[in-house]
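1. can't give you the sequence, but here's the structure:
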């Protein structure tokens, strides 16, 4: 069975290819995503639109960084915020905040041709005071997972083992195995 | 003729009531707005959804603050960004920026039962280094219109005379007069 991964982000596609045992194919996909503070709501809407276009089993993945001191900013707008103000912008906003708590959250929605199945997981952690490391992408240089001292960008092996996206892909992978 | 103003923002409703000569009625409206960097695209989609609900001539208004040094941030996400990081967040992001240029932009989309009519206008200006004044709402305490030294929040009379929203409402008002 081959399924499509609808995304415009090549980093996400590489990560998913490495983790899923099912073969996936890139479905370049850009659409007018709805606005919502809820990842699942966005992913469900996106996969319905994607399936209507490709008429083939397809999944989408949405990830957000939720910073407690900033009321969940940038949240479901993480990619957009990153493109505008980057990691540097987040560091400026967090400079005088004592509460550095943050979490990454991922939601995968899979349309199998009949139903939509949803998977999610989180990675709790905190924000670094400055950029650390060069691996990964996005907010990885400032995110330190709980129980560790290095950022995702400093320790990509660690990231790949306990990240929100990894854990969610694993749940999805297990589900796919039961279906083949 | 009575028309509806679909908005969840009571400040916007008051401003519009004061400027339009046509009688307007508040249509409390919340929906899953699309994501886009284009105000007109959002307003056209929103008014189509609103009209489908109320089946009465209705308009929506969308306004954004576009900051040049931040690549247009917070732009079409201005209300959401304000709720998360507020004026203080914008000041932190702008602290070391030498280019303080910014503009407010408003778009009104009106559905007359058959067609959608769009009106927009801008107010060019710059950002203050700190909050100044207590009038208005949203980003008014940090926005200084071009050719002036006071923020919108320090001089509400000035705001009401030259703001993006005022100018757009005026265009809309003139249009409505030709239709009655």
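-> Structure received. Just so it is clear, the model here is predicted, and its values are computed rather than measured. Numbers count the residues shown, from 1 in each chain, chains lettered A, B, ... in the order given.

2. Is chain B within reach of the helix or strand in which residue A:6 is found?
-> According to DSSP states H and E, residue A:6 maps onto strand A:2-7. No: using CB under 8 Å from any CB of the partner chain, strand A:2-7 stays clear of chain B, coming no nearer than 15.3 Å. No exception for glycine: its C-beta is placed from N, CA and C like everyone else's.

3. what sits up against that strand?
-> A:12-13, A:16, A:22-29, A:46-47, A:50, A:54, A:56-61, A:110, A:176 (CB atoms under 8 Å, 6 or more residues apart in numbering or on different chains).

4. In stretch A:164-178, which residues are buried?
-> A:164, A:165, A:166, A:167, A:168, A:169, A:172, A:176 (16 or more other CB atoms under 10 Å in any protein chain shown).

5. Show me what that stretch is in contact with.
-> For stretch A:164-178, contacts defined as CB under 8 Å, 6+ apart pick out A:1, A:3, A:12, A:15-16, A:19-22, A:59, A:61, A:63, A:103-108, A:110, A:117, A:119-123, A:159-160.

6. Out of those, which end up buried?
-> Buried among the contacts of stretch A:164-178 by 16+ other CB under 10 Å: A:3, A:12, A:15-16, A:19-20, A:59, A:61, A:63, A:103-108, A:110, A:119-121, A:123, A:159-160.

7. Restricted to helices, list those residues.
-> Cross-referencing those against helices under DSSP state H gives A:12, A:15, A:16, A:19, A:159, A:160.

8. Could you give the bridge partners of the residue nearest the centre of chain A?
-> The centroid of chain A falls nearest to residue A:63 when counting by CA atoms, centre = their mean (2.8 Å). Beta-bridge pairing of residue A:63 under DSSP bridges involves residue A:106.

9. Give me the phi and psi angles of the residue nearest to residue A:94 when sequence neighbours are not counted.
-> Nearest residue to residue A:94 in three dimensions, chain neighbours excluded: residue A:127, at 5.7 Å (CB to CB, 6 or more residues apart in numbering or on different chains). Dihedral pair for residue A:127: phi -100, psi 140, per degrees, to the nearest 10.

10. Pull the contacting residues for residue A:127.
-> By CB under 8 Å, 6+ apart, the residues touching residue A:127 are A:67, A:90, A:94, A:100, A:102, A:142, A:143, A:144.

11. please redo it, this time with the cut-off set to 6 Å
-> A:94, A:100, A:102, A:142 (CB atoms under 6 Å, 6 or more residues apart in numbering or on different chains).

12. before we move on, the earlier item: could you dump the ones in helices among the buried ones among the contacts of stretch A:164-178 to JSON lines with distance to residue A:78 and pLDDT?
-> What follows is these, written out as JSON lines (distance: CB to CB, whole Å; pLDDT from 0 to 100):
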{"residue": "A:12", "distance to residue A:78": "12", "pLDDT": "85"}
{"residue": "A:15", "distance to residue A:78": "16", "pLDDT": "83"}
{"residue": "A:16", "distance to residue A:78": "18", "pLDDT": "89"}
{"residue": "A:19", "distance to residue A:78": "20", "pLDDT": "85"}
{"residue": "A:159", "distance to residue A:78": "16", "pLDDT": "89"}
{"residue": "A:160", "distance to residue A:78": "19", "pLDDT": "83"}
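
13. No further questions, thank you.
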